[in-house]
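Q: Build the 3D model from these lines:
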Amino acid sequence: MLARTWSVGLAGVTGALVEVEVDLASGLPGVVLVGLPDAVVRQSLDRVRAALGNTGHDFPQRRVTIGLSPASMPKQGSGFDLAIAVAVLAAAGTVPEGVAEGLVFLGELGLDGSVRGVRGVLPAVLAARRAGHTRVVVAQVNADEAALVAGVEVVGASDLAAVLGHLTGDRLPRHVRGPGDVPAPGPDLADVVGQVTGRRAVEVAAAGGHHLYLSGPPGAGKTMLAERLPGLLPLLDETAATEVTAVASVAGTLAPGAPLVTRPPFVAPHHTASAASLVGGGSGQIRPGALSRAHGGVLFLDEAPEFPRVVLDTLRQPLERGSVTVHRAHGSATFPCRTQLVLAANPCPCASAAGDTACTCSSLERRRYQSRLSGPLLDRIDLRVELPAVLRAGWLDADTADESTAVVAARVRTARAAAAARMAGTGLSTTGQVPGRLLRERWPVPRAALALAERALERGALSVRGFDRVTRVAWTLADLAGRTVPGPDEVAEALGLRLQRVAA
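A: Residues are numbered from 1 along each chain as shown. All right, here's what the predicted structure looks like:
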C-alpha cells in the first residue's frame with residue numbers, strides 16, 4: 001500500500017516542497033527512511049511511533065519504507081513529523097485514500113500525540129502556495145503565522161487526534177487571522193538632552209537609510225540615540241513586513257500573539273558575538289545571524305572596537321549587497337540583510353568621561369584601539385559623528401524640551417516620500433541604497449555645489465566611494481529641506497557629517 005503527503009523543507013528563508021511517501025510491503029517488520037534526513041528527521045520515527053500509540057493507533061508491523069523527495073535535498077528539523085505520521089496512517093488504511101494527498105503538513109509531534117510548533121512556518125507556507133497548494137495543517141500555535149499568507153486555507157490542530165478527525169470527516173474550522181497587536185511605541189528622542197549634531201545625524205540616517213558611526217565619551221548619549229533610530233523609521237510595508245517576519249520565524253524570535261512584524265527591528269549583539277552569530281551559520285541547520293535579524297531595521301554594535309576585527313570585517317560585503325549567503329558542507333542558505341548599521345565607540349580604551357584632561361591612554365594605545373575598526377569598513381559608513389560630553393548646563397539647566405520622535409519622524413516620512421518619488425521605477429526605496437554610478441548618471445549634483453567635496457577628494461580626505469556617499473547624504477539633506485537638487489549648503493553639511501574627527 002502506497003500513500004503520500006506533503007511538507008516543506010527550508011534552506012534559509014527559502015522553502016521547497018517535500019513529498020513524503022510511505023510504502024507498506026510484506027516481509028520482516030522494519031522501517032527504512034530515505035531522502036538525506038538529518039539526525040532530527042531520523043529520530044522522527046520514534047516520535048511518530050510513540051505518538052500513534054498514545055493516540056490509539058498501532059504503527060504498522062510490516063516493512064515500512066518512508067521516502068522524502070526530492071532525495072538530493074538535505075532534510076532538516078522536526079517539521080516533517082506530522083506529514084510522516086499522516087502518510088503512515090494513510091498507507092495503513094486508517095485515513096481514507098487520497099484525502100491527505102492535497103494537504104501540506106507542518107508540525108512536530110510530541111510523544112503524547114500533541115502537535116507542537118516549529119520554526120519557519122511563514123516561509124514554508126509561502127513555498128507551498130508558490131507550488132500550487134492552498135491547504136495547510138499546522139500546529140495551533142503557528143496558525144496565526146500561517147494565516148499571514150493570502151489565498152491559503154489554514155487549519156490549526158493541537159494534537160494528532162484532531163488532525164485525523166479532520167481527515168476522516170470531523171472538519172476543523174478554518175483558521176482566520178486575528179487583528180494582531182498594534183506595535184508599542186519605542187523610546188522617545190525627546191529623552192536625549194542636547195547633542196544637536198547627534199540628533200541631526202540620527203534624523204539624516206533615518207531619512208536616507210544611511211549607516212552611522214557615533215564616537216564620544218561614556219554618557220554622551222550614543223546608545224540612547226541608536227535605540228531611538230528605529231522609532232524614526234516608517235512602519236514596514238506589506239512586502240518588507242513579510243520578509244522581516246520570515247527571518248524572525250526561521251530564527252525563532254517571532255513574538256506570540258502578534259505574528260506580523262510591522263515595526264523595524266532593533267538588534268544589538270554583545271561584543272563577544274562570533275562571526276557565525278553575527279552573519280549566520282550553525283553546525284546543523286543554518287540560522288540567520290544578528291545582521292539578518294535586523295533586516296528592515298537597525299543593527300547596533302555598541303563598543304564596536306571591542307568586537308574582533310575579523311568579525312566586523314565580515315559585515316562589509318553583506319552591507320553592500322543587502323543579502324548574505326552562508327556556505328556549509330551540507331549546503332548553503334541566503335538571508336536578506338538590508339539593514340542600517342550603527343556603530344558606537346569610545347575615543348580610547350580608558351573611556352574617561354572627563355575627556356582628554358583625565359585620559360590615561362598613550363597615543364599608541366589610542367591608535368591601536370581605533371585601528372580595530374578597519375578602513376574599508378569605516379569607508380562604508382556614510383555618517384561619522386563625534387559627540388561631546390554633556391555638560392551640566394546642557395543637562396540640569398535645560399529649560400526647553402527637544403523635539404520628540406513623532407515630530408522628527410514626520411520630517412523623515414516626508415523626506416522618504418520625496419526620495420521614493422524621485423527613484424520610482426528603479427526598485428530602490430532609500431537614497432542610501434543608490435549605487436554610485438546610478439547616482440552620477442541619473443541624479444548628478446551640480447558641479448558648482450560639489451567644490452568642497454572635490455577638494456577633499458583631491459587631497460585624499462575622501463575616497464571615490466566616500467565621494468559617492470557624500471553626494472548620497474547631500475540628496476537626503478535636500479529631501480529634508482524640501483529642495484529638488486542639493487546645493488552647496490547640503491554638500492558642505494554632508495561633508496562635515498562624514499569627515500568629523502571621530503577620535504581624540
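
Q: looking at this, Arg384 is in a helix?
A: No: under DSSP: H, G, I helix; E, B strand; the rest coil, Arg384 falls outside any helix and is assigned strand.

Q: Next, count neighbours for it.
A: 20 (other Cβ atoms under 10 Å). Every C-beta, even on glycine, is put in place using the N, C-alpha and C of the backbone.

Q: what does Ser362 give?
A: Ser362 has 11 neighbouring residues, counting by other Cβ under 10 Å.

Q: ok, now Ala424?
A: Count around Ala424 with other Cβ under 10 Å applied: 9.

Q: What is the three-state secondary structure of it?
A: For Ala424, the assignment made with three-state DSSP gives coil.

Q: Please tell me how far it sits from Leu301.
A: Going from Ala424 to Leu301 by Cβ to Cβ, to the nearest Å gives 33 Å.

Q: Repeat that for Gly231.
A: Distance from Gly231 to Leu301, by Cβ to Cβ: 19 Å.

Q: got it, and Ala251?
A: Ala251 is 18 Å from Leu301, where distance means Cβ to Cβ.

Q: Between these two, point out the one with more neighbours.
A: Neighbour totals were compared for Ala251 and Leu301, and Leu301 leads with 27 against 19 (other Cβ under 10 Å).

Q: quick one, what contacts the residue lying closest to that one once chain neighbours are set aside?
A: Leaving aside its sequence neighbours, Leu301 sits nearest to Leu343 (Cβ to Cβ, 6 or more residues apart in numbering; 5.3 Å). Leu343 is in contact with His211, Leu212, Tyr213, Leu214, Leu301, Ala304, Leu373, Ile381, counting by Cβ atoms under 8 Å, 6 or more residues apart in numbering.

Q: what two of those residues have the greatest distance between them?
A: Leu212 and Leu373 (13.3 Å; Cβ to Cβ).

Q: the more surrounded of those two?
A: Ranked by neighbour count (other Cβ under 10 Å), Leu212 and Leu373 place Leu212 first, with 26 against 23.

Q: Could you list the low-pLDDT ranges of the stretch 401-504 of the chain?
A: 401, 500-504 (pLDDT under 70).

Q: try it again with 90
A: 401-403, 425-429, 433, 436-437, 439-440, 460-466, 498-504 (pLDDT under 90).

Q: sorry, back to before: could you dump the contacts of Leu343 into CSV and include pLDDT and distance to Leu497?
A: As requested, the contacts of Leu343 are arranged in CSV below (pLDDT from 0 to 100; distance: Cβ to Cβ, whole Å):
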residue, pLDDT, distance to Leu497
His211, 95, 12
Leu212, 96, 9
Tyr213, 96, 10
Leu214, 95, 11
Leu301, 96, 19
Ala304, 93, 18
Leu373, 89, 17
Ile381, 92, 10
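
Q: Out of the residues you listed, which is nearest to Phe59?
A: Leu301 (51.3 Å).

Q: Next up, the contacts around that closest one.
A: Here Leu301 is in contact with Ala268, Pro269, His271, Phe307, Leu312, Leu341, Val342, Leu343, Ala344 (criterion: Cβ under 8 Å, 6+ apart).

Q: ok, Asn195 to Leu225 distance?
A: No Asn there; residue 195 is Gln. 7 Å.

Q: which neighbours do the two share?
A: Leu387.

Q: Skip the chain neighbours and tell me the closest residue to Phe467.
A: Nearest non-adjacent residue to Phe467 (Cβ to Cβ, 6+ apart): Leu457, at 5.1 Å.

Q: what's the burial count for the one you found?
A: Applying other Cβ under 10 Å, we find 16 residues neighbouring Leu457.

Q: now do Thr430
A: When neighbours are counted by other Cβ under 10 Å, Thr430 registers 21.

Q: pretty sure it is touching Arg416, no?
A: Yes: checked against Cβ atoms under 8 Å, the pair Thr430 and Arg416 is within contact range at 6.9 Å.

Q: what touches both of these two?
A: Shared contacts of Thr430 and Arg416 (Cβ under 8 Å, 6+ apart): none.

Q: Does the residue nearest to Phe467 belong to a helix, a strand or coil?
A: helix.

Q: which strands and helices sit next to the helix or strand where Arg228 lies?
A: In this assignment (DSSP states H and E), Arg228 forms part of helix 222-232. Judged by 3 or more Cβ pairs under 8 Å, 6 or more residues apart in numbering; DSSP states H and E, the packing partners of helix 222-232 are helix 196-208, strand 212-215, strand 266-267, strand 298-301, strand 340-345, helix 405-422.

Q: Tell me what angle the last one forms with helix 196-208.
A: Think helix 405-422. 40 degrees (axes from the mean of the first three to the mean of the last three Cα atoms, to 10 degrees).
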